[in-house]
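1. Quick one, what's the 3D model for this:
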Amino acid sequence: MKAAGNVTVTMLPFGGAVLVNGTTLAVAECTDAEAEVIALVLGGEPVPDRAAPFVAQLVEAGWFVASDREV
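-> Down below sits the predicted model:
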């Protein structure tokens, strides 16, 4: 899984993350726990079962898409 082509993911130095859609200028602020899940997703690591609904929300909202190797 990877960030959608128009999405920039910024991990904040003191915890959390920000997602910005460069096309719509939508912004999503993420908590420390959500940022940890995002880091796992971007790193291709397995995500804990309890985080699966959050990952599904990211995909449904268009923030993330399946990577070429997952298709």
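2. Show me the residue sitting in the middle of this structure in space.
-> In the chain, the residue lying closest to the centroid (Cα atoms, centre = their mean) is residue 38, at 4.5 Å.
3. what's the distance between it and residue 55?
-> Counting by Cβ to Cβ, to the nearest Å, the separation of residue 38 from residue 55 is 9 Å. C-beta: built from backbone N, CA, C; applies to glycine.
4. The chain: helices as residue ranges?
-> Listed in chain order, the helices of the chain (DSSP state H) span 32-42, 52-60.
5. would a markdown table of these with distance to residue 24 and mean pLDDT be doable?
-> Putting these into a markdown table (distance: least, Cβ to Cβ, whole Å; pLDDT from 0 to 100) gives the following:
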| stretch | distance to residue 24 | mean pLDDT |
| --- | --- | --- |
| helix 32-42 | 19 | 96 |
| helix 52-60 | 15 | 95 |
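6. Of the ones you listed, which is nearest residue 21?
-> Between residue 21 and the helices of the chain, the shortest gap by Cβ to Cβ is with helix 52-60, which sits at 12.0 Å.
7. quick one on the thing from earlier: quick one: closest of the helices of the chain to residue 3.
-> Evaluated over the helices of the chain, closeness to residue 3 peaks at helix 32-42, with 7.1 Å, by Cβ to Cβ.
8. Which residues does that closest one contact?
-> Applying Cβ atoms under 8 Å, 6 or more residues apart in numbering, the contact partners of helix 32-42 are 1-3, 9, 11-12, 15-17, 30, 46-48, 51, 54-55, 58, 64.
9. how about it: buried residues?
-> Neighbour counts over helix 32-42 (16 or more other Cβ atoms under 10 Å) mark 34-38, 40-42 as buried.
10. got a markdown table for those, with distance to residue 21 too?
-> Below are those laid out as a markdown table (distance: Cβ to Cβ, whole Å):
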| residue | distance to residue 21 |
| --- | --- |
| 34 | 17 |
| 35 | 17 |
| 36 | 22 |
| 37 | 19 |
| 38 | 15 |
| 40 | 21 |
| 41 | 17 |
| 42 | 16 |
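11. which stretches of the protein form strands?
-> Remark: strands assigned in the chain by DSSP state E are 2-3, 7-11, 17-21, 27-30, 64-65.
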